[in-house]
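Asks: structure for the following, please:
(chains A and B)
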Amino acid sequence: VSAPEPAAPSRWEALAREAAGRGAGLAPTDAGVALLVFELAGALHALPVERVREIVRVRPVTPVPRVPAEVLGVTSLRGEIVQVIDLRRRLGLAAASLGRDSRVVVVGGERGAAGLLVDGVREVLFAGGADLLAPTAEARAVEALYRRGDRFVSVLDLDRLLDFDAAR
Amino acid sequence: MAKRRTGKRAGGRAEREFVSEAEDILERMRRELADLSDARSAGRAVDPELVNCLFRSAHSLKGLAGMFGLDPVHDLAHRLEDVLDGLRLGRIALEAPALGAIEAASALFAELLGDVGDPEALRGHGAAVATLLERIAAVQAAPGAQAPAPATPGVDPALLRALTEYEEHRLRENLARGRALAVVEAGFELASFEEGLAELSDALREVGELIATLPAPGESSGTGIQFSLLVASDCSAAELAELVGERAEVRMATPAASGPTPAGAPVAPAAGRETPETESLQSISESVRVDIRKLDELMNLVGELVVARGALGELVGRLLSDPATGRAGGDLARIHRDIERRLRELQHAVLDVRMVPLRQLFEKVSRVVRKLRNELGKDVRLDLRGAETELDKFLVEEIADPLMHVVRNALDHALESPEERRAVGKEAQGTIRLAAFQRGNHVVIEVSDDGRGIDVRALRERAEALGLLRPGEVVPDEDLLDLVFTPGISTRAQVSETSGRGVGMDVVRHNLGRLGGAVEVDSKPGVGTTVSMTLPITLAIVQSLIVGVGEQRFAIPLTSVQETLLLEESAIQHSEGRAILNLRGEVLPVRWLRRELGLPEGAAPARLHLVVAGVGESRLGLLVDRLEGQRDTVVKPIQGPLAALRGIAGATELPGQGAVLVLDVAALLADALGWREAA
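Replies: You can find the predicted model right below:
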């Protein structure tokens, strides 16, 4: 199975929304999985599209006292209050600096929705099973490495990312 | 905290509706079953209508399960219906084997309903269903308690032949109990007979059981219709004649058996009006079943309207304050006032829909108590008061586990065995009183027992062993009692199955605090213990005080704000390095909200704003930089990976300010004051 042509950047938002809405068509199969690819500190990372609810522009975040630094605070998403996580810090990278491309990827987790701050969203692609490789031994939140041409995309394990209890 | 329901009930809409309706039926069945066994154990005559009701409930459940294709429930309900039919027709004796099977079935129904939507788990109950079906078959195979048909010489044989099997059974039952049988004959105008017949029937049911109503053959003319009513009662012919007056003629068929009816057996009036055969398809009640999630949505919408209204109010204020726009502002202010008034009405109406009486919860508790008192060998009377007190449906569900825990504690630990009670000169039967009442914007639920009371000395030893108290430290009794809410303090070494492992009063306090409530305990050795749980009536829309600390704003629910003060810094005194205030002669502990929340230090303002927060009996003064007024707030749960945000109850949205955190005052109090003063 070969990956289709990557979607044009202008279309990613529509694609992501469509995929998140329907789910079924892009649900993980033996053949592969649909991924939302985004950038963190210059490296490509990805999450399964079926876990992505929506992608929104960065909005005001209310800080919450006495929480780990990677939790930026809470924000209101059309009446729902969700925590926003700095994904860079969550992965042990330098804290994010907000840019024009910064976005919040809203995902569905065990305890409701959560917002993940990323440096920029790049594309939605379909990763064939053959191109998904096991991560390096010391990988903590990376579930697989997707071979995209000559670059690797780190496919993140969302549940592990959102499991703050285990980390403590 | 209008927490959204998630998880367990994730099934489809049809599934949820099925489960919710089935649970209602099951609830009804249990109530009927409890009444039945109460009547039996008290030696009272069992109201035949109770068995009929149970039969109808089983029938409804069967129909519902059949429609939904839930075979185990359907099969079980079907066989149960057979048993109940046997009971009401007297083919099966109303005794322990049959009642036990029905009770077992209702318990199994509950388990099956809990697993709807999980085929794997449902299959897992297969063996239990099969066993129960066998047990039911055994009950059905046992010889019935059919009394031989007694002689009824005074009744027209044609009338007897017209009786249904059920009516025959009731006739036999009544004669066996020695009641007098009368035939009441009445004629009515054809045009209005229904009304007249219903009146007469009601009058007769007041004094006895109306076994059958049959149209009488013969004299019916073109405009009239005759009925024969077969009535069993303890009345004489004269008494019945007086009762029916001119409406009908009374003929005694068999007189009452000599002597009184069995000891103290009151006449059990038949409650229902219609028999299953004539049950109307039209539903009797005018109520509508609504999924609580729909109410949550409605509440959220109203909440957002309230927030939008707030923004409108601010605009009105701005327009009014500018001479150039004052006129328009005045017009808008009138419209705004009108909207505000209607909105408040809407808000009350929606809140009102969410309110339910505590009765169902109390009934659940009494069911558990009934079950446990046998297991624990304790003789206890449950005294329920204020079951009509209303509380938000969401809170009723949230309070169920804590309440059950407290009641189990009372039953398991507090109440002595009948022998112990007699030995200390108490009545052998203990009493647990469950009382609910409204106090302002709160509902208080009290669980009191007349048991042995909390052993303060054991509590003290335990606290010293845990290092919470220095040996010999002088502490007032009420503070010692408050130690029961400390994790790990349980004075009971062994883990009892009833009260469970690892769940203590500290969890009860935590859960109530999360809901903006409080729990307190009072106990006297040898006299008893009272646990009071205080809850806000609703969490859906609350008035909050908005306070500012540095750059940030926080909302404090007004239910936990007692007053606000403006202070000079010099008014703050210190004791052991802790800030206190002389508040009209009383000591008020004081904390800086900024420090409690671990926010960065900022420039201290010249004058301090103090919010006196209180939950239950405890008070704490919170110093803040600014007071920004009161607002209607919809407190929403915070979603995301961090489960517990200590000191934060949720968040609310304010116009132009995004999300504002709502403080969990109970948790702040507990943190700031430590175990000794925490509430």
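Asks: quick one, strands of chain A?
Replies: When assigned using DSSP state E, the strands of chain A occupy the ranges A:32-40, A:43-48, A:52-57, A:71-77, A:80-86, A:103-109, A:112-118, A:120-128, A:132-133, A:142-148, A:151-156.
Asks: which residues touch residue 131?
Replies: You didn't pick a chain, so chain A it is. Under the criterion of Cβ atoms under 8 Å, 6 or more residues apart in numbering or on different chains, the contact list for residue A:131 reads A:3, A:32, A:146, A:147, A:148. The way it works is simple: take the backbone N, C-alpha and C, and place the C-beta from them, glycine included.
Asks: actually it's chain B I care about, not the one you picked
Replies: The neighbours of residue B:131, taking Cβ under 8 Å, 6+ apart as the test, come to nothing; the list is empty.
Asks: in a markdown table: the strands of chain A, plus mean pLDDT.
Replies: Supplementary listing: these in a markdown table, determined by pLDDT from 0 to 100:
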| stretch | mean pLDDT |
| --- | --- |
| strand A:32-40 | 91 |
| strand A:43-48 | 94 |
| strand A:52-57 | 92 |
| strand A:71-77 | 92 |
| strand A:80-86 | 92 |
| strand A:103-109 | 91 |
| strand A:112-118 | 93 |
| strand A:120-128 | 90 |
| strand A:132-133 | 88 |
| strand A:142-148 | 91 |
| strand A:151-156 | 93 |
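Asks: just put those strands in a markdown table and tack on mean neighbour count and distance to residue B:175.
Replies: Output for the strands of chain A, formatted as a markdown table (neighbours: other Cβ atoms under 10 Å in any protein chain shown; distance: least, Cβ to Cβ, whole Å):
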| stretch | mean neighbour count | distance to residue B:175 |
| --- | --- | --- |
| strand A:32-40 | 23 | 77 |
| strand A:43-48 | 21 | 75 |
| strand A:52-57 | 17 | 72 |
| strand A:71-77 | 22 | 73 |
| strand A:80-86 | 24 | 68 |
| strand A:103-109 | 21 | 68 |
| strand A:112-118 | 23 | 66 |
| strand A:120-128 | 20 | 82 |
| strand A:132-133 | 15 | 83 |
| strand A:142-148 | 20 | 79 |
| strand A:151-156 | 20 | 80 |
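Asks: from the contacts of residue A:131, which single one is nearest chain B?
Replies: residue A:146 (24.2 Å; Cβ to the nearest Cβ).
Asks: give me the nearest residue to the closest one, chain neighbours excluded.
Replies: Nearest in space to residue A:146, with sequence neighbours left out and distances taken as Cβ to Cβ, 6 or more residues apart in numbering or on different chains, is residue A:153 at 4.2 Å.
Asks: where's the one you found relative to residue A:41, distance?
Replies: Counting by Cβ to Cβ, to the nearest Å, the gap from residue A:153 to residue A:41 is 14 Å.
Asks: same thing with residue B:511?
Replies: To residue A:41, residue B:511 is 42 Å away according to Cβ to Cβ.
Asks: can you check residue A:129 too?
Replies: With distances defined as Cβ to Cβ, the gap from residue A:129 to residue A:41 amounts to 28 Å.
Asks: residue B:253 contacts residue B:179, doesn't it?
Replies: No. Counting by Cβ atoms under 8 Å, residue B:253 sits too far from residue B:179 to count as a contact (11.1 Å).
Asks: give me the more crowded residue out of these two.
Replies: When residue B:253 and residue B:179 are compared for neighbours, residue B:179 comes out ahead with 23 against 20, by other Cβ atoms under 10 Å in any protein chain shown.
Asks: surely the more buried one meets residue B:232?
Replies: Yes. Under the contact definition of Cβ under 8 Å, residue B:179 touches residue B:232, with a separation of 4.5 Å.
Asks: now the strands for the stretch 101-250 of chain B?
Replies: In the stretch 101-250 of chain B, the strands defined using DSSP state E, counting those that start in this stretch lie at B:180-189, B:208-215, B:224-233, B:248-254.
Asks: for residue B:366, find the nearest of those.
Replies: When these are compared by Cβ to Cβ, strand B:208-215 sits nearest residue B:366, at 28.5 Å.
Asks: that closest one packs against which elements?
Replies: helix B:165-176, helix B:193-207, strand B:224-233 (3 or more Cβ pairs under 8 Å, 6 or more residues apart in numbering or on different chains; DSSP states H and E).
Asks: deepest in the core, which of those is it.
Replies: Comparing those by mean neighbour count (mean count of other Cβ atoms under 10 Å in any protein chain shown), strand B:224-233 comes out on top with a mean of 21.
Asks: pull up the pairing partners for that strand, direction included.
Replies: Looking at strand B:224-233 with DSSP bridges, its partner strands are strand B:180-189 (antiparallel), strand B:208-215 (antiparallel).
Asks: that strand to helix B:193-207, inter-axis angle?
Replies: Computed with axes from the mean of the first three to the mean of the last three Cα atoms, to 10 degrees, the direction of strand B:224-233 lies at 10 degrees from that of helix B:193-207.
Asks: let's test this: mean pLDDT of strand B:224-233, rounded?
Replies: For strand B:224-233, mean pLDDT is 82.
Asks: so that strand versus strand B:248-254, what angle?
Replies: Counting by the same axes, to 10 degrees, strand B:224-233 points 40 degrees away from the direction of strand B:248-254.
Asks: hmm, back to that, need the helices and strands packed on strand B:208-215 in a markdown table (columns: distance to residue A:161).
Replies: Below are the helices and strands packed on strand B:208-215 laid out as a markdown table (distance: least, Cβ to Cβ, whole Å):
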| stretch | distance to residue A:161 |
| --- | --- |
| helix B:165-176 | 66 |
| helix B:193-207 | 69 |
| strand B:224-233 | 74 |
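Asks: looking only at neighbour counts, state which of residue B:511 and residue A:41 leads.
Replies: residue B:511 (18 against 13).
Asks: from the contacts of residue A:131, which single one is nearest residue B:119?
Replies: Minimum separation from residue B:119 among the contacts of residue A:131 (Cβ to Cβ) is found for residue A:32, which lies at 29.2 Å.
Asks: in the stretch 301-450 of chain B, which spans are helices?
Replies: When assigned using DSSP state H, counting those that start in this stretch, the helices of the stretch 301-450 of chain B occupy the ranges B:326-354, B:359-376, B:393-409, B:418-423.
Asks: indicate which one of the ones you listed is closest to residue B:238.
Replies: Among the helices of the stretch 301-450 of chain B, the nearest to residue B:238 by Cβ to Cβ is helix B:359-376 (42.7 Å).
Asks: next, the buried residues of the closest one.
Replies: Buried residues in helix B:359-376, counted by 16 or more other Cβ atoms under 10 Å in any protein chain shown: B:359, B:361, B:362, B:363, B:365, B:366, B:368, B:369, B:372, B:373, B:376.
Asks: nearest to residue A:124 among those residues?
Replies: Using Cβ to Cβ, residue B:361 comes nearest to residue A:124 of the buried residues of helix B:359-376, at 49.2 Å.
Asks: ok, the closest one - contacts?
Replies: Contacts here follow Cβ under 8 Å, 6+ apart; on that basis residue B:361 touches B:396, B:399, B:400, B:403.
Asks: name the nearest residue to the second one, ignoring sequence neighbours.
Replies: Which is residue B:399. If you skip the residues right next to it in sequence, residue B:399 has residue B:535 as its closest partner in space, 6.3 Å away by Cβ to Cβ, 6+ apart.
Asks: right, I'll call it a day here.
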